[in-house]
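J.: Just the structure for this:
(one chain, ligands or ions: 2)
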Amino acid sequence: MTLDADTIVASATPPGTGGIGVVRISGNQAEAIARAMLGSLPEPRTATYRTFADARGQKIDAGLALYFPEPASFTGESVLELHGHGGPLVVSMLVEAAIELGARQAMPGEFSERAFHNDKLDLVQAEAIADLISSGTAQAARAALRSLSGAFSTAVNRLADRLLRLRMHVEAAIDFPEEEIDFLSDDRLNERLAECATSFETLIEEAQQGRVLRDGYQVVIVGKPNAGKSSLMNLLSGQDAAIVTEIAGTTRDILREQIDIDGLAVELIDTAGLRENPDRVEEEGIRRARRALRSADAVLWIQDATDSGSAAIDEELPDDVPVTVVRNKIDLVEEAAGAISSNTVNLSAKTGAGVDVLRDTIKELAGYRNQGEGAFTARRRHLEALARAKAHFDSGREALREARAGELLAEELRLSQQALGEITGAVSSDDLLGRIFSEFCIGK
Ligand SMILES: Nc1nc2c(ncn2[C@@H]2O[C@H](COP(=O)(O)OP(=O)(O)OP(=O)(O)O)[C@@H](O)[C@H]2O)c(=O)[nH]1
Ligand SMILES: [Mg+2]
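T.: Ligands and ions are numbered 1, 2, ... in the order given. This next block holds a predicted model:
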């Protein structure tokens, strides 16, 4: 990708009114724009109180100006930051003035994209900035910060490096055929492959955690009418969110609540009770319930413990999603609350008995451990690339085991390493970059 010579400008603070509004300008015109708007160039990296003027010298505002000469800036280009008063009009006048002086409005994520092209950040780190800004729990924010500081990238690079060294070894062996056979049947090679396989597994597990930290975990509550789905939703969320009545068919719409289980962001979805011959409104509710099931990370199937007829799961549930059976209203029968098997929990949405066990179950299903300092955020994109890398690695290993095919192993190792490179952006296409950075908001 050719680097853009344009100088870009955007508000770095959100639209609306605030104490301060920051306008950021990046590119080779930043210095000239600074001279024009401030009268002279402020001392680098020093907050300086200045009057901000437009191209004709008309005063717009006054505040702190910060100038970062390239390459020591966020983008790697010369950057000017103007910290003015946070009114939408002031901010847009400052942006207008910079445009008049030769800058253009930045595209979404363009500052971060420039930082990436100037090797200030790799892709994972650029994405971590967006994740940090939008994180929903303190744990997610900490994890994003760890990604930003390079924890995830380092792990990926370390594995890619191992694959590279392994491949170089294999290729060297192929070039010296008299030694090839020995090398390829060498225990040491198998050991190193096994080590890489373990690294893959650890990294994939950590990245899955990271994905859950970033995106949250979606739990859909389904079951027969009156089983106590809405009561459970209210209990878990600690709010009187859903209407509860003894009338079967109370809930008709989908209800969503965000809860935080020890730092795991969970989106709970309460749905209409599933039954035959509903009325028209309920029928639509049931249709929505089934649709919600399709995007679920986990399903809670609620049963009324007092009603033996509601015991069986007669609904078609997605087969790749874990289902936990919750036997509710345990206060009305002679049974203890708590786990009664690996996927069945007895509880009472009325008294709250057994709900702690259910919370633990949800954490377990999400594979969530409160890793504290160790965790980093990851995205679906990263998981897909990791899965592809692992698949190539596995077929390479297979080729060696089945046919002692050194060339195939080398090639699969190369493809595996390439898939890992896509995560950090060491290998990237313009198309991929465009997609990633366009998700950012303007000014980032
Ligand atoms: N004793 C007892 N009653 C419960 C419990 N959970 C729910 N109920 C009662 O069961 C009835 C139905 O509860 P809801 O939470 O509305 O059930 P629902 O599954 O959401 O029902 P629909 O929305 O109609 O599908 C209400 O009268 C609740 O008070 C429980 O654990 N113990
Ligand atoms: Mg309900």
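
J.: average model confidence for the helix ranked longest in the chain?
T.: Under DSSP state H, the helix in the chain containing the largest number of residues is helix 187-215. When pLDDT is averaged over helix 187-215, the result is 90.

J.: Which elements pack onto it?
T.: The helices and strands touching helix 187-215, judged by 3 or more CB pairs under 8 Å, 6 or more residues apart in numbering; DSSP states H and E, are helix 138-148, helix 151-175, strand 264-270, helix 380-403. Just so you know, the C-beta spots here come from the backbone N, C-alpha and C atoms, and that holds for glycine as well.

J.: what's the burial count for the residue of the stretch 51-200 of the chain found nearest ligand 1?
T.: As assessed by CB to the nearest ligand atom, ligand 1 sits closest to residue 136 within the stretch 51-200 of the chain, at 25.8 Å. Per other CB atoms under 10 Å, the neighbour tally for residue 136 reads 15.

J.: That one should be in a strand, yeah?
T.: No. Using DSSP: H, G, I helix; E, B strand; the rest coil, the secondary structure at residue 136 is coil, not a strand.

J.: need the contact list for it.
T.: Under the criterion of CB atoms under 8 Å, 6 or more residues apart in numbering, the contact partners of residue 136 comprise 216, 258, 265.

J.: at 6 Å what do you get?
T.: residue 265 (CB atoms under 6 Å, 6 or more residues apart in numbering).

J.: just for this protein, where's the confidence low?
T.: In the predicted model of the chain, residues 1-4, 177-183, 309-312, 370-373 satisfy pLDDT under 70.

J.: Strands along that one, start to end?
T.: Remark: strands of the chain, listed N- to C-terminal, are 8-11, 18-26, 48-53, 59-68, 79-86, 104-105, 217-223, 255-261, 264-270, 298-304, 323-328, 338-341, 344-346; assignment by DSSP state E.

J.: In CSV: these, plus distance to ligand 1 and mean neighbour count.
T.: CSV is the format used below for these (distance: least, CB to the nearest ligand atom, whole Å; neighbours: other CB atoms under 10 Å):
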stretch, distance to ligand 1, mean neighbour count
strand 8-11, 45, 26
strand 18-26, 42, 22
strand 48-53, 58, 16
strand 59-68, 54, 19
strand 79-86, 45, 23
strand 104-105, 49, 16
strand 217-223, 6, 24
strand 255-261, 10, 16
strand 264-270, 7, 23
strand 298-304, 6, 24
strand 323-328, 5, 23
strand 338-341, 14, 13
strand 344-346, 10, 20
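
J.: between these, which gets nearest to ligand 2?
T.: Ligand 2 sits nearest to strand 264-270 of all those, at 6.0 Å, using CB to the ion.

J.: Walk me through which strands that closest one pairs with, and which way each runs.
T.: strand 217-223 (parallel), strand 255-261 (antiparallel) (DSSP bridges).

J.: Using a markdown table, please lay out those together with distance to residue 298.
T.: Output for the strands paired with strand 264-270, formatted as a markdown table (distance: least, CB to CB, whole Å):
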| stretch | distance to residue 298 |
| --- | --- |
| strand 217-223 | 5 |
| strand 255-261 | 12 |
